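Trainee: coords below, sequence missing:
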């Protein structure tokens, strides 16, 4: 925690934005320091995310490349995005095409990007989740996507802590 607490405000903002691509979230996390423990940081993160409304949630969604868009994931400003979607690397051309079509249908219906915590999931699993959610109404999906974003944020906060722990070795 010491290294995260000691980051300049600018460095901390960039680090927290990489965890959740929402300005309000990143600014609030910077202002919430110092964190006493990992649990304290996660509790504050959850509390901040819970105050975010539709505009902030959609802002965070837009910070993600679409599932299966390997080119965007590799070029994405977020340092962890391409690794999180590794399951798409082994997708058959049929599954990749179905995911691209599903992404487009989902976005047209919901008005926002399909978000799933992709870490550890195969392409088929991610596509199956998309299929199970596409018939939901947009309000239900906004809440589902926000919950997935929070899972992603937790994974990334763990990565951030690991990076700063490794830096001290």
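Mentor: Everything's here; your move. Everything numeric in this text was worked out from a predicted model, so none of it was measured.
Trainee: what stretches of this structure score poorly on pLDDT?
Mentor: Residues of the chain meeting the criterion pLDDT under 70: 70-82, 166-169.
Trainee: the helices in it, which residues?
Mentor: Under the criterion DSSP state H, helices of the chain are mapped to 2-6, 9-19, 23-32, 38-50, 54-62, 70-75, 81-84, 93-110, 123-133, 138-166.
Trainee: So which bits of the last one are buried?
Mentor: Spelled out, it's helix 138-166. Using 16 or more other CB atoms under 10 Å as the test for burial, helix 138-166 gives 141-142, 144-146, 148-150, 152-157, 159-161, 164. Every C-beta, even on glycine, is put in place using the N, C-alpha and C of the backbone.
Trainee: so which of the helices of the chain gets nearest residue 117?
Mentor: helix 138-166 (4.0 Å; CB to CB).
Trainee: Tell me the helices and strands packed up against the closest one.
Mentor: helix 2-6, helix 9-19, helix 38-50, helix 54-62, helix 93-110 (3 or more CB pairs under 8 Å, 6 or more residues apart in numbering; DSSP states H and E).
Trainee: any chance of those helices in TSV, plus mean neighbour count and distance to residue 30?
Mentor: Listed next are the helices and strands packed on helix 138-166 as TSV, based on neighbours: other CB atoms under 10 Å; distance: least, CB to CB, whole Å:
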stretch	mean neighbour count	distance to residue 30
helix 2-6	14	10
helix 9-19	18	5
helix 38-50	16	11
helix 54-62	17	15
helix 93-110	15	31
